[in-house]
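Chemist: Below is the structure, and that's it, no one-letter string:
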């Protein structure tokens, strides 16, 4: 007979004092290579080890409007931003939202979010602003464009950028924002795709000040399985690039193996089953191969253009640091071909179609 899990509550975090809140820094620490201890103020659910292995403790999402919770904002309601925002709303948090195209705002307003007219308005009414947009240029526009985040008072507030951008750009943006209005910065790119965003199983690697990381941890763990502090500002972005080297190369290699199976007359749908538990087994194998074989590309796990952007950044940093990256460079060229053949907005897994025989 399996014992019933026990619910153990701890005191809710006190409402931050606006005059004494940590103001952040331009030298924020990102996702560390070790797991960071959870805050004692979080409510923890004690479960069987098999159900929680590998997951960092999450904030208590069992009651609406948790006492002492900070006001949250989310800018950028795309493939990742929309499901991440929904998880915050379901956890009972007050969330202000903004998106360049207003069509994506209405469904979240119906779910309980509050629409902001501009990024400035969002930060005025938020203590922590999360953001996930396309690239560094989009981040710059949201912050420093007309009625951007930098136009709002920022002392005591934090901007957490989930976008994947160049580490140098993250450091520059953090400094400019700090100089403009005093807001702190965490670069926190994500990995896990739309599936991870919907299920709250994302891996997020962060760069910023340790105090800022702990301040946002309860909210981030509503959206992610793992939130790791890697070092100062920019370290989260560098860690994401390491992630993209692995994922980009994995996509290319799995597309190759899958095509070999198909061309040789093997049922490629059974590769994940046949290789499970062996050295070739992995989450990408189990997730990517069935989608490649069955042509499942909607919703996309990620866009071709996004993967190519990241692999190009890898090549840039590799050159600056004299790091040989032959496999990542080849993967980058394959994704460049995929962009030309399938389009920038195509699912990254359509790299598999590059090797299809012409009919």
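Modeler: That came through, no problem. The model shown is predicted, which means the values in this text are computed figures rather than measured ones. Residues are numbered from 1 along each chain as shown.
Chemist: Mind pulling the model confidence for the nearest residue to residue 336 once chain neighbours are set aside?
Modeler: Once its chain neighbours are removed from consideration, residue 336 has its nearest residue in residue 308; the separation is 5.9 Å (CB to CB, 6 or more residues apart in numbering). The way it works is simple: take the backbone N, C-alpha and C, and place the C-beta from them, glycine included. For residue 308, the model assigns a pLDDT of 97.
Chemist: Can you give me every residue that contacts residue 308?
Modeler: Listed by CB atoms under 8 Å, 6 or more residues apart in numbering, the contact partners of residue 308 are 332, 335-336, 338-339.
Chemist: In helices, which of those fall?
Modeler: 332, 335-336, 338-339 (DSSP state H).
Chemist: got CSV for those residues, with neighbour count and pLDDT too?
Modeler: As requested, the ones in helices among the contacts of residue 308 are arranged in CSV below (neighbours: other CB atoms under 10 Å; pLDDT from 0 to 100):
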residue, neighbour count, pLDDT
332, 25, 98
335, 27, 98
336, 14, 98
338, 27, 98
339, 20, 98
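Chemist: re earlier: closest one of the contacts of residue 308 to residue 263?
Modeler: Of all those, the one sitting nearest residue 263 is residue 338; the distance, using CB to CB, is 19.0 Å.
Chemist: where's the closest one relative to residue 78, distance?
Modeler: Distance of residue 338 to residue 78, computed by CB to CB, to the nearest Å: 20 Å.
Chemist: again, but for residue 104
Modeler: Computed with CB to CB, the distance linking residue 104 and residue 78 is 8 Å.
Chemist: again with residue 150
Modeler: The gap separating residue 150 from residue 78 is 22 Å, by CB to CB.
Chemist: residues in contact with the residue most central in space within the chain?
Modeler: To find the centre residue of the chain, average its C-alpha atoms and take the closest one (CA atoms, centre = their mean): that gives residue 190, at 2.2 Å. Neighbouring residues of residue 190 by CB under 8 Å, 6+ apart: 80, 132, 162, 196-197, 202-204, 224, 240.
Chemist: how much space between it and residue 113?
Modeler: Summarising the geometry, the distance separating residue 190 from residue 113, computed by CB to CB, is 20 Å.
Chemist: Name the residues of stretch 248-257 that are buried.
Modeler: 248-255, 257 (16 or more other CB atoms under 10 Å).
Chemist: Which parts of the chain are strands?
Modeler: 7-8, 29-31, 44-45, 72-75, 95-98, 114-115, 128-131, 158-161, 184-187, 190-191, 202-208, 224-231 (DSSP state E).
Chemist: ok, back up a step: how much space separates the residue nearest to the centre of the chain from residue 291?
Modeler: Separation of residue 190 from residue 291 (CB to CB): 19 Å.
Chemist: which non-adjacent residue is nearest residue 252?
Modeler: Skipping the residues right next to it in sequence, residue 252 comes nearest to residue 331 by CB to CB, 6+ apart, at 4.6 Å.
Chemist: I figured that neighbour hits residue 251, correct?
Modeler: Yes: taking contact to mean CB atoms under 8 Å, the distance of 7.4 Å between residue 331 and residue 251 places them in contact.
Chemist: residue contacts, residue 288?
Modeler: Taking CB under 8 Å, 6+ apart, we find residue 288 in contact with 250-251, 254, 301, 349.
Chemist: and residue 296, how many neighbours?
Modeler: Using other CB atoms under 10 Å as the criterion, residue 296 is surrounded by 13 other residues.
Chemist: Look at it and report its pLDDT.
Modeler: 96.
Chemist: The residue lying closest to it once chain neighbours are set aside: neighbouring residues, count only.
Modeler: Of all residues not flanking residue 296 in the chain, residue 290 sits nearest, at 7.2 Å (CB to CB, 6+ apart). Close neighbours of residue 290, defined as other CB under 10 Å, add up to 16.
Chemist: Residue 220 versus residue 290, what's the distance?
Modeler: 30 Å.
Chemist: now swap in residue 340 and tell me
Modeler: Between residue 340 and residue 220 the distance, using CB to CB, works out to 37 Å.
Chemist: for the stretch 51-200 of the chain, which spans come out with low pLDDT?
Modeler: Counting by pLDDT under 70, the low-confidence segments of the stretch 51-200 of the chain come to 51-67.
Chemist: quick one, helices of it?
Modeler: Remark: helices assigned in the stretch 51-200 of the chain by DSSP state H, counting those that start in this stretch are 81-90, 106-110, 119-124, 136-144, 167-181, 193-199.
Chemist: Out of those, which is closest to residue 74?
Modeler: Closest among those, using CB to CB: helix 81-90, at 4.6 Å.
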